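Visitor: Here is the input, now give the coordinates:
(chains A and B)
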There are 2 protein chains.
Amino acid sequence: MLSSPPPSGLLEKLFQYIDLHQDEFVQTLKEWVAIESVSVQPIPRLRQEVFRMMTLAADKLQHLGARVDSVDLGSQQMPDGQSLPIPPIILAELGNDPKKPTVCFYGHLDVQPAQKDDGWLTAPYMLTEVDGKLYGRGATDNKGPVLAWINAVSAFRALEQDLPVNIKFILEGMEEAGSVALEELVQREKDRFFSSVDYIVISDNLWVSQRKPALTYGTRGNSYFMVEVKCRDQDFHSGTFGGILNEPMADLVALLGSLVDSSGHILIPGIYDQMAPLTEEEKTLYENIDLDLEEYRKSSQVEKFLFDTKEELLAHLWRYPSLSIHGIEGAFDEPGIKTVIPGRVIGKFSIRLVPHMNLSVVENQVKQHLEAVFSKRNSSNKMTVSMVLGLHPWTANISDTQYLAAKRAIKTVFGVDPDMIQDGSTIPIAKLFQAITQKSVMMLPLGAVDDGEHSQNEKINRWNYIQGSKLFAAFFLELSKQHSQQLPSSVF
Amino acid sequence: MLSSPPPSGLLEKLFQYIDLHQDEFVQTLKEWVAIESVSVQPIPRLRQEVFRMMTLAADKLQHLGARVDSVDLGSQQMPDGQSLPIPPIILAELGNDPKKPTVCFYGHLDVQPAQKDDGWLTAPYMLTEVDGKLYGRGATDNKGPVLAWINAVSAFRALEQDLPVNIKFILEGMEEAGSVALEELVQREKDRFFSSVDYIVISDNLWVSQRKPALTYGTRGNSYFMVEVKCRDQDFHSGTFGGILNEPMADLVALLGSLVDSSGHILIPGIYDQMAPLTEEEKTLYENIDLDLEEYRKSSQVEKFLFDTKEELLAHLWRYPSLSIHGIEGAFDEPGIKTVIPGRVIGKFSIRLVPHMNLSVVENQVKQHLEAVFSKRNSSNKMTVSMVLGLHPWTANISDTQYLAAKRAIKTVFGVDPDMIQDGSTIPIAKLFQAITQKSVMMLPLGAVDDGEHSQNEKINRWNYIQGSKLFAAFFLELSKQHSQQLPSSVF
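Guide: Numbering: from 1, shown residues only, chains lettered A, B, ... in the order given. Here you go, the predicted structure:
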């Protein structure tokens, strides 16, 4: 038995409602952006603002009729000894009809710091519309998308329509500060809050285009390494010691220089062996992505990329590992001249990981390689290599029910098939939900490529925000439909 | 005609006088150390202290009977727009007997900054004696040696003995800040103040031993390079750009890694071609240096030097060029993790130069080498190489009259022949005096190797300070004798 089909013309009514109430939705976003909910700076006043933001969101969900649980997470000890309270994570639930699929939406309500004199053209915490662009900190990352989801729900409510899916929310206020306490909570709620969840949706990244929607099915992982070369703790004067020492910087540049060649190929033996081979299907997906290479190159202010075709470029951003050297700690790094021989230096580099690269295998390969290079130098210095961060890559099955539903909803709202994209950076939350809950996880971005998240003049287009609200409404209906079709009728 | 020989027993009387008045000499050093004459920090209060120091020294010289000229040098414009007055350079003259040789003493009265909580065990501007060591900022660099010279003169004066040499002084207060205005003044005074000068003595470095005196006859030069690799001015995120760029850091570590091998050998083609060959005579000098390699290694806190013999070690410190990589500007240099691809980085390295390496030849060799390495990488980044500092090496003829006189004086006072040493670092002042005045320049250090100049707990041993005063007195007598012997009698 299927749940009753939605009344014909419901989608049109929902869209109409959203269009008619768009100023109201923008007004709510303005109220949310007005709260300086910065989590990364350990300043009590700002932390209080995150709390205020979480309360506002909880009230909003309660007003929609959700059962809301603001989970107290205690406090965190800062490196300076100060103790700061951790904002609650909101777990909310709207409907628990066993005949409907349950979709859980993840979002965050904290923002990156922003100040007018960083180079903002408008006041960062005063949402300001210019030519259809809504400028303000958090507009696209992530308050806009969270509200778009809420707008979609509220459209059903206002039209007194039954929601076709059960909806859960998990909203946090510490994402920008590393999602402190999230993993622990998800682990704890795995068999409670998450037990009835079928699908998890994250809407916290961007399209690769300014106009064409996208669905994200993978993110690269990251393994961050530090390689320390030490002669002694103090520095030397290059006049009085230059010529008689194995200088740590000479060792370090040789080590760092052995990692990657000038075509971007990683030189660590075996590193590509674990990589899942690139399939023809994936190549076809890359061909269909809406990316103007020349425009992308120009907007990136890059003279030339390593690759000349869109397919190669995307494969090397999303599907191949990459190695970047970030810098050196302990050497002379200021402007001007200093004739120092640094006594102890730490090189920092990281490797972005793709399926099916295993963190501990990578760790061993890197260590063995550096040890081999260092040992050939016959240096009297001490070398220490450590992997200080290891984050798995994430990938989803794009034939999953919710991907099909999202594709259809996108086609309905935007009239096009979405770009099926991955993200070269590492978004640990997708992997976290997937690994702990074992549920299907999808990233459904609403923001355009030029939204400037984390940057000055962050914005969300009014069009993206409003169409996004419609997209989520359409997605509820499609998900209900696709979900029921996939299940054998004997279940009911 | 020779000037009349000194009365027999004069040396003993001078030594006795100096021994008897040593507490008085230490007291004067204490008064000088008490003045915080820091030149490198552009703080008006400190600059005033340098002025006060110069006035005190001028008064002291006047009191000895010298004709003193405190040359006003105007002011300097600081990078922040502030204008600071430059302390005067003291030109002083004591005696102008055409029958006597004229020796000019260079010294400086400014000091490096020092604060108790930098790790000083005593108040840095309060000269404190512990176990025969006089701790205080400037004690060895350079107030102690300047006063030792003055003490020697004052011993002659107190004993009412004719000075066997004419003495000139050039004392500055900006040495630690790069001897602002010195070169211009020496150039201006070349045919006036310096025309009658026969010998220039600098006493501004250290022995290589704790107990055995030394004479310095050479210093290495320095050529300081910056190599910039630029993709764009802003940084990139390694997730969203890693894998598709020629990363500037990868280019830069390859460039820096091409400069020197792990045995300290410089890999820039042709760089050793200009070096004056190491002679057998020099090797013999190195054999005679008082240096316990194992003790030196331990006190340097170095596991192992590149060379196992004293001769090789000294040759590579003094007589071979060396290349040190100092650091990188523009990359991530802080503790912790940052997943950045720096957009523009500047590598800094320098080559210590020895006779007869020519600065512009070295500059060309470095540029050609780096351009060749960079061009092989086929990188789309821009590379720019510049030599931002070029200081010539300096070397003196150790058979010069004043070297012979100093050797004899050292033998008289200390009972040993001095270590004939060079300095691996660059002391531009020796070369400056030599190049402009064309006079014989000698470095006659008084400080022991462990004096800690520029460091915490700088000191001069009471023994070095007092024996140094005697050494200068003996030097005056020997110089007069050697000088008259070298001249054909027809001159008079």
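Visitor: For my notes, confirm residue A:347 occurs in a strand.
Guide: Yes. Counting by DSSP: H, G, I helix; E, B strand; the rest coil, residue A:347 is found in a strand.
Visitor: tally of neighbours for it?
Guide: For residue A:347, the neighbour count with other C-beta atoms under 10 Å in any protein chain shown is 29. C-beta coordinates here come from the backbone N, C-alpha and C atoms, glycine included.
Visitor: who's it bridged to?
Guide: residue A:227, residue A:328 (DSSP bridges).
Visitor: check contacts around it.
Guide: By C-beta atoms under 8 Å, 6 or more residues apart in numbering or on different chains, the contact list for residue A:347 reads A:226-229, A:252, A:255-256, A:325, A:327-328.
Visitor: Need the pLDDT of it.
Guide: Listed pLDDT for residue A:347 reads 98.
Visitor: Please report how far it lies from residue A:258.
Guide: 11 Å (C-beta to C-beta, to the nearest Å).
Visitor: Same question for residue A:389.
Guide: Relative to residue A:258, and taking C-beta to C-beta, residue A:389 is found at 21 Å.
Visitor: Repeat that for residue A:421.
Guide: Distance check for residue A:421 against residue A:258: by C-beta to C-beta, it reads 33 Å.
Visitor: Comparing those two, which shows the higher neighbour count?
Guide: residue A:421 (26 against 19).
Visitor: and the more buried one, that's in a helix?
Guide: No. In this structure, residue A:421 is strand, not part of a helix, as judged by three-state DSSP.
Visitor: Give me the nearest residue to it, chain neighbours excluded.
Guide: residue A:214 (4.6 Å; C-beta to C-beta, 6 or more residues apart in numbering or on different chains).
Visitor: Which residues are in contact with the residue of the stretch 101-250 of chain A found nearest chain B?
Guide: Relative to chain B, the nearest point of the stretch 101-250 of chain A is residue A:239 (2.2 Å; C-beta to the nearest C-beta). In this structure, residue A:239 makes contact with A:339, B:220, B:222, B:352, B:423-426, judged by C-beta under 8 Å, 6+ apart.
Visitor: how much space between the residue nearest to the spatial centre of chain A and residue A:358?
Guide: Chain A has residue A:427 as the residue nearest its centroid, 3.8 Å off, counting by C-alpha atoms, centre = their mean. Between residue A:427 and residue A:358 the distance is 19 Å, computed by C-beta to C-beta.
Visitor: give me the element the residue nearest to residue A:320 when sequence neighbours are not counted is part of.
Guide: If the residues on either side of it in the chain are set aside, residue A:320 comes closest to residue B:243, at 5.8 Å by C-beta to C-beta, 6+ apart. Here residue B:243, judged by DSSP states H and E, is contained in no helix and no strand.
Visitor: Return the member of the contacts of residue A:239 nearest to residue B:485.
Guide: residue B:423 (29.4 Å; C-beta to C-beta).
Visitor: quick revisit: quick one: the residue nearest to residue A:421 and residue A:417 touch, right?
Guide: No. Using C-beta atoms under 8 Å, residue A:214 is not in contact with residue A:417, being 10.2 Å away.
Visitor: quick one: which of those two has more around it?
Guide: residue A:214 (26 against 14).
Visitor: Which strand residues bridge that one?
Guide: Counting by DSSP bridges, residue A:214 is bridged to residue A:419.
Visitor: could you pull out the strands for the stretch 151-300 of chain A?
Guide: Here the stretch 151-300 of chain A has its strands, by DSSP state E, counting those that start in this stretch, at A:166-172, A:199-202, A:214-219, A:221-230, A:236-237.
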